[in-house]
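Visitor: Quick one, fold the following:
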Amino acid sequence: MDGQRSLLAVFPGVTTDVALGLLVALQFAALLSVPSVLLRRRGRPTAALSWLLVLFAVPALGTLTWWLIGRTRIERRLRKHSGNKRAVTERIGVPQTVSGTRFYSLLPSRARETYAFSTEGNAVNLLEDGKSAFAAILSDLKAARECVHLQVYIFKYDSTGKRVCDELIACAKRGVTVRLLLDGFGSRENTRKLKKRLTPHGVQVGVFFPARFWLLTQRLNFVNHRKIITIDSRFAYTGGMNIGDEYEHSWRDLMVRLEGPSVDGLDHVFLEDWYFATQQSLPTPKSREPRQLSEPCDVGVVASGPDTEDWIHDSYFMAITQAKQRLYIATPYFIPTQALLTALRTASGRGVDVRLVLPSLSDVQLVMWASRSFYRSLVEAGVRIFEYSDAMLHAKALVMDEDVCAIGTANVDNRSFRLNFEVTCFLESQTITESLVTWLADLEKHSEEITAASLDNKSLPHKLLESAAHLLSPLL
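Guide: The predicted structure follows:
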């Protein structure tokens, strides 16, 4: 009767019989969705129960939400033009992977075949803010002579975006092959504008899953969240930064600039996505020999998405469980799987210095509330948590012990690990790792450390809000 009264309140002109019929129809629709939930969340009972709770607590919203964002596999009809992923990989070529590196054994052999590429003899530069990152990118674009590949989730047509567009056009005008790959959802507001600006000058623009209405159900999930730039098969960039003013000027974020055979791995990931979006099959170019290196760096490029196993998640799990002295993680969105939560707690329990640097200001409030619901379990296990407040923290980074770190596009949440197309670079370099530790230490100076006492002092409404958001965490 409460549901019937609610419908009458929302639609005062509706009769009692019509309201009752509508309520029954909604409950029936929720019931029909149950088999889909059970099949799609097989092996993940917590996520399945969360969806069932939403379906029957609010059947209209729950049913609509499930069919819009709940499904976690790309439908066959959406990949029919892409063909078998292995065949595509063979067509464009597989980057050479080196067996002697530290990252070679990080993942099983089936991952190393198409999703994880281990190389040695790389030069790596850590770009610690937007100004230095965009200055380096624009400088390399100015010097490009052969080929530029740029892949981004969000490309804004603001002052930063226009400067990047100008350089891409300048590249194309002097004969450089320029390919720009946009995510159809993340860049949906500017896709037409960018095409109109760039294509007349010879820049090739591809769109990964164009955001058309008939693809709406897929587009709310399967976003391509990767950020990759390769220039002349010599330099590559990846990290958390999209193209936009906030990434250059105000948000705290990280990028890495790579030189050497690791460029092949990022170019390969780009070209697979380019084929997916455009059906253009292009061979992975061979990277050039890097300059004389003072500190050669081993690099592992790991890609994952809804068409693969959760390789980046598994890489994080391996790093956490193998850490011996310290394990630091920075991420803007923190909703760990049960495996990662247990790994963090047990790492702290065996004496590893485990620290999380998370934002106190977020552009997604629901995720922030859900993140905080995990704090007590971690703090009680000895994990130190810092909430950074000076600006929006958007970096995705990991530090393991003295000489291993990771920088990429994936957040520590279900959406990044299971639904998004992501890429992360694992680096073996004491210099880069120490620079990243210094960067994180600066964040800690401008952060509030979360303690058991501060958690106890939270108001009851805040505790209830976080607990309610926690119920939705498997969905986020």
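Visitor: give me the number of residues near the closest residue to residue 295 other than its chain neighbours?
Guide: Closest residue in space to residue 295, ignoring its immediate chain neighbours: residue 431 at 5.8 Å, by Cβ to Cβ, 6 or more residues apart in numbering. Using the backbone N, CA and C atoms, a C-beta is placed for each residue, glycine as well. The tally of other residues near residue 431 (other Cβ atoms under 10 Å) stands at 14.
Visitor: quick one: residue 431 and residue 437, what's the gap?
Guide: Residue 431 sits 11 Å away from residue 437, going by Cβ to Cβ, to the nearest Å.
Visitor: do residue 130 as well
Guide: 20 Å.
Visitor: can you check residue 389 too?
Guide: Applying Cβ to Cβ to residue 389 and residue 437 gives a distance of 20 Å.
Visitor: And the helix or strand that contains the residue nearest to residue 295, what does it pack against?
Guide: Following DSSP states H and E, one finds residue 431 within helix 430-445. Helix 430-445 sits against strand 116-127, strand 326-330, strand 353-359, strand 384-388, strand 397-400, strand 404-408, with contacts defined as 3 or more Cβ pairs under 8 Å, 6 or more residues apart in numbering; DSSP states H and E.
Visitor: Swap in 6 Å and give it another go.
Guide: strand 116-127, strand 397-400 (3 or more Cβ pairs under 6 Å, 6 or more residues apart in numbering; DSSP states H and E).
Visitor: isn't there a helix covering residue 395?
Guide: No - counting by DSSP: H, G, I helix; E, B strand; the rest coil, residue 395 falls outside a helix, being coil.
Visitor: My guess is it contacts residue 254. True?
Guide: Yes - using Cβ atoms under 6 Å, residue 395 makes contact with residue 254 at a distance of 4.3 Å.
Visitor: Identify the contacts common to the two.
Guide: Residues touching both residue 395 and residue 254 by Cβ atoms under 6 Å, 6 or more residues apart in numbering: residue 240.
Visitor: Now do the most centrally placed residue in the chain against residue 190, distance only.
Guide: By Cα atoms, centre = their mean, the chain has its centre lying nearest to residue 410, at 3.0 Å. Relative to residue 190, residue 410 is positioned 24 Å away (Cβ to Cβ).
Visitor: Check residue 331 too.
Guide: 26 Å.
Visitor: picking up where we left off before, list the contacts of the residue nearest to the centre of the chain.
Guide: Counting by Cβ under 6 Å, 6+ apart, residue 410 makes contact with 312, 396, 416, 422, 424.
Visitor: just residue 339 next, same as before
Guide: Going by Cβ under 6 Å, 6+ apart, residue 339 touches residue 317.
Visitor: Report pLDDT for it.
Guide: Per-residue confidence at residue 339 stands at 94 (pLDDT).
Visitor: If I take the helix or strand hosting it and strand 353-359, what angle do their directions form?
Guide: With elements taken from DSSP H and E, the one containing residue 339 is helix 338-349. Interaxial angle, helix 338-349 versus strand 353-359 (axes from the mean of the first three to the mean of the last three Cα atoms, to 10 degrees): 130 degrees.
Visitor: Give me the more crowded residue out of residue 130 and residue 437.
Guide: Between residue 130 and residue 437, residue 130 has the larger neighbour count (other Cβ under 10 Å), namely 23 against 15.
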